[in-house]
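Colleague: fold the following, please.
(2 chains)
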Amino acid sequence: MKTFTKWKDYFTSYLFVIPGLSLFAVFYLLPFYQSYRLSFYEWSGYTPMSQAKFVGLSNFNKAFEDDVFWESVIRVFKISIGIIGLEIPLALLLAILVNKVIRAGAYRIIYFIPTILSPIAVGMIWKWMYEPKFGIINQTLDALGLSSLKHAWLAESSTAMGAVGVTFIWETFGTFFLLFLVGLTGIDKQLYEAASIEGASSFQTFKSVTLPLMVPTIILVMILLVLGSMQIFGQVVIMTNGGPGYATEVPSMRIYKEAFENSKMGYSTTLSVLFGFILIVFSVIQLTFSRRYGAKLYE
Amino acid sequence: MSLHTILIAVAVTCIYPFAWIIANTFKPNSEILKNENLLATLIPNHPSWTNYYKVIVEFGFSRYVWNSFFYTVTSVSIAIVVGISISYVVAFYRFPLKNLIFGAIIVTMMIPMPGIFIPKYIVIAELGLLNNRLGLILPFATVLIPLTVFIVKNFMDSIPKEMMEAATVDGCNKWTKLWFIVVPLVRPAIATVTIFHVRSIWNEWLLPSLVITEKALHPIQSGLMRFQGEHFIDYSLTMTGLVVATIPLLVIFFILQKHIINGITSGALKG
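Modeller: Predicted structure coming up:
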């Protein structure tokens, strides 16, 4: 009798998780299974999937020799480093400044506005801002008397990827600014008082009080930024579609184009397995690293 | 003084693009292309609502906004209901495989988008759900479940166990305890999660652009992308489309900005 009530209790508990688990099975597990399976197949996507041709490891062999793909991985890696190098100091600086002024509520709202836009909207806005003729970037340079610095930003291969990176920074810095602000408000005020009694300059205070105490937050922001920026896609689709040439081709774009422009569904899933694996390795490394330095990704 | 100079300069870069685009929606295309200085361009010569009329009525943006509204409300509701149910039994009951189920759900938050969007599209196609509203609503809801469970379960953990025991003594069963005791208590967590879910579904563009090709079913982001891709380049109309696509979210943001910013600053949500 007792075991019966126990199992009845288990059974009603399962009723609560079954709807969610079924959705997971169909839209996470099944795609997962399909992507591993299809990465060994050749399939155009136009015929029924049962007619896909098994090709063994040849997709993977091809992928390892696919320079365009690996260049796109390196490209996104570089731009990710650039974004982190600019965005973390920027967000931290703004947070420190806002933390110093009184009545800073408006800044918190204004800096957050770009983060609520879709990547599509942000891509469009910046595409127009970079527009060589009426775009406001070149107009600002004119107004500042710096006309020699004007570029056709998105049409020149030397500036295009950087221009997309700046767009990404504009869109996302608000969130990280807020996270830094939270970290700063958690620092004990007495530490600053002690520093000022000892006659520390504001740079010394930053170096020996603020920065060490902000390390956990900085690591957290870094993790979020690495993963976010390496998945950059929507802005690229709108602003350059990978061009000029391959100048802004990112891995997500390769995966997309192989599937829908070259009709190679099998090969496209091979690339997504590879790039997905790279990203997961990154996040595992970072999680281990962050645990060591006390960053709490999940509280 | 100099502090504020830097802060205001950054604020201007956040706001100026909007002001510029909103000003342009009241101009004809030819006026946008004329090279004016940065401030003069903010004032249209002959402001008119023509672009809004064209975009909303002739180009079907009212339809896209309605579709987005529908997709958002349905998928977020499903995710919240399903997510709360899972969180509830995981937080308060013991059953075999509980930790495995919970762990698996949380781990899916780590699956990167580039690794999964093509196979997901293939599964939706195999299910015959291309150009079907369910082909968006169900995958959307699924994506939202992990974050819901993560936040709501954490919040439920802070409910005192004695309260649940007292409810059992008073004759509550599993269902009535959930609806009459737990849900009212976790309302703040639900509110925060909902706001972030609404933002991510309203802004979602990739899956719709693959799954929905029929114009009548497009959500707003697809409408916007399609608009840009069409054969003519009319900046004033495209910019108007962008404003129409963004205004609903901005309005929600300004009404609820306290909750949104608190959501991030309380450490519950990381962007």
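Colleague: wait, what's in contact with A:Phe275?
Modeller: By CB atoms under 8 Å, 6 or more residues apart in numbering or on different chains, A:Phe275 lies in contact with A:Val73, A:Pro251, A:Ser252, A:Ile255, B:Pro112, B:Pro114, B:Gly115. Heads up, the C-betas are built off the backbone N, CA and C, glycines and all.
Colleague: from the contact counts, what lies against the helix or strand harbouring the first one?
Modeller: Mapping A:Val73 onto the secondary structure by DSSP states H and E places it in helix A:67-100. Judged by 3 or more CB pairs under 8 Å, 6 or more residues apart in numbering or on different chains; DSSP states H and E, the packing partners of helix A:67-100 are helix A:105-112, helix A:160-185, helix A:211-230, helix A:251-260, helix A:265-292, helix B:2-24.
Colleague: about what we covered before: top of the contacts of A:Phe275 by number of neighbours, please.
Modeller: The most crowded member of these, judged by other CB atoms under 10 Å in any protein chain shown, is A:Pro251 (29 neighbours).
Colleague: how close does it get to chain B?
Modeller: According to CB to the nearest CB, to the nearest Å, A:Pro251 and chain B sit 6 Å apart.
Colleague: could I get the helices and strands packed on helix A:67-100 in CSV, plus columns for distance to B:Val90 and mean pLDDT?
Modeller: Shown next, in CSV, are these (distance: least, CB to CB, whole Å; pLDDT from 0 to 100):
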stretch, distance to B:Val90, mean pLDDT
helix A:105-112, 32, 85
helix A:160-185, 27, 90
helix A:211-230, 25, 86
helix A:251-260, 33, 89
helix A:265-292, 22, 85
helix B:2-24, 40, 86
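Colleague: distance to A:Lys53 added to those helices, as a markdown table?
Modeller: Converted to a markdown table, the helices and strands packed on helix A:67-100 look like this (distance: least, CB to CB, whole Å):
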| stretch | distance to A:Lys53 |
| --- | --- |
| helix A:105-112 | 50 |
| helix A:160-185 | 36 |
| helix A:211-230 | 32 |
| helix A:251-260 | 16 |
| helix A:265-292 | 8 |
| helix B:2-24 | 49 |
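Colleague: contacting residues around residue 101?
Modeller: Assuming you mean chain A. If you count contacts by CB under 8 Å, 6+ apart, A:Val101 has them with B:Leu3, B:His4, B:Leu7.
Colleague: the intended chain is chain B.
Modeller: Counted by CB under 8 Å, 6+ apart, B:Ile101 has contacts A:Val17, A:Leu21, B:Ile86, B:Val90.
Colleague: need the max-distance pair from these.
Modeller: Greatest spacing in these, by CB to CB: A:Leu21 and B:Val90 (11.9 Å).
Colleague: look at those two and report which has more neighbours.
Modeller: Set A:Leu21 next to B:Val90 and count neighbours by other CB under 10 Å: B:Val90 wins out with 23 against 17.
Colleague: could you list which of the contacts of A:Val101 also contact chain A?
Modeller: Of the residues in those, proximity to chain A by CB under 8 Å from any CB of the partner chain holds for B:Leu3, B:His4, B:Leu7.
Colleague: which of these are buried?
Modeller: The neighbour count (16 or more other CB atoms under 10 Å in any protein chain shown) marks B:Leu7 as buried among the ones next to chain A among the contacts of A:Val101.
Colleague: which residue packs closest to residue 76, ignoring adjacent ones?
Modeller: You didn't pick a chain, so chain A it is. Nearest non-adjacent residue to A:Val76, counting by CB to CB, 6 or more residues apart in numbering or on different chains: A:Val250, 4.7 Å away.
Colleague: that answer is for a different chain, and I need it for chain B
Modeller: B:His197 (4.6 Å).
Colleague: gap between A:Val226 and A:Ile169?
Modeller: According to CB to CB, to the nearest Å, A:Val226 stands 14 Å off from A:Ile169.
Colleague: about what we covered before: the helices and strands packed on helix A:67-100: which one's closest to B:Leu136?
Modeller: Using CB to CB, the nearest of those to B:Leu136 is helix A:251-260, at 17.7 Å.
Colleague: where's the closest residue to B:Lys153 other than its chain neighbours, which helix or strand?
Modeller: Distances taken as CB to CB, 6+ apart put B:Ser87 closest to B:Lys153, at 3.9 Å, once the chain neighbours are dropped. Using DSSP H and E, B:Ser87 sits in helix B:61-92.
Colleague: buried ones in that helix?
Modeller: B:61, B:63-65, B:67-68, B:71-72, B:74-76, B:78-80, B:82-92.
Colleague: and the residue nearest to B:Lys153, what does it touch?
Modeller: Applying CB under 8 Å, 6+ apart to B:Ser87 gives the contacts B:Thr148, B:Val149, B:Val152, B:Lys153, B:Met156.
Colleague: wait, B:Glu195 touches B:Leu256, no?
Modeller: That one is not Glu; residue B:195 is Ile. Yes. Counting by CB atoms under 8 Å, B:Leu256 is a contact partner of B:Ile195 at 5.7 Å.
Colleague: quick check: buried residues in the strand or helix carrying B:His259?
Modeller: Using DSSP H and E, B:His259 falls within helix B:235-265. By neighbour count on 16+ other CB under 10 Å, the buried set for helix B:235-265 is B:235-246, B:248-249, B:252-253, B:256-257, B:260-261, B:263-265.
Colleague: tell me where the stretch 1-150 of chain A is predicted with low confidence.
Modeller: A:1 (pLDDT under 70).
Colleague: same deal with chain B?
Modeller: B:1, B:35-36, B:229-232, B:263-271.
Colleague: now it against chain A: closest residue?
Modeller: B:Gly115 (2.1 Å; CB to the nearest CB).
Colleague: can I assume that residue is in contact with A:Gly276?
Modeller: Yes. B:Gly115 lies in contact with A:Gly276 (CB under 8 Å); the separation is 2.1 Å.
Colleague: any residues in contact with both of these two?
Modeller: By CB under 8 Å, 6+ apart, the residues touching both B:Gly115 and A:Gly276 are A:Ser35.
Colleague: thinking again about what came up before, what's the offset of the helix holding A:Val73 from the middle of its chain?
Modeller: 10 Å (CA atoms, centre = their mean, to the nearest Å).
Colleague: got the buried residues for it?
Modeller: Using 16+ other CB under 10 Å as the test for burial, helix A:67-100 gives A:69, A:72-73, A:75-77, A:79-80, A:82-84, A:87-88, A:91-98.
Colleague: do stretch B:34-50 as well
Modeller: B:Thr41, B:Pro44.
Colleague: pull the distance from it to the chain's centre.
Modeller: Worked out by CA atoms, centre = their mean, stretch B:34-50 lies 32 Å from the chain centre.
Colleague: tell me the phi and psi of A:Phe54?
Modeller: When read as degrees, to the nearest 10, the backbone of A:Phe54 gives phi -70, psi 130.
Colleague: neighbours of A:Lys189, how many?
Modeller: Residues lying near A:Lys189 (other CB under 10 Å) number 8.
Colleague: from A:Gly105, how far out is it?
Modeller: Per CB to CB, A:Lys189 is found 20 Å from A:Gly105.
Colleague: go on, A:Val209?
Modeller: Separation of A:Val209 from A:Gly105 (CB to CB) stands at 25 Å.
Colleague: okay, the two: which has more neighbours?
Modeller: A:Val209 (17 against 12).
Colleague: didn't A:Leu57 look like it was pressed against A:Ala63?
Modeller: No. Using CB under 8 Å, A:Leu57 is not in contact with A:Ala63, being 9.8 Å away.
Colleague: cool, thanks, talk later.
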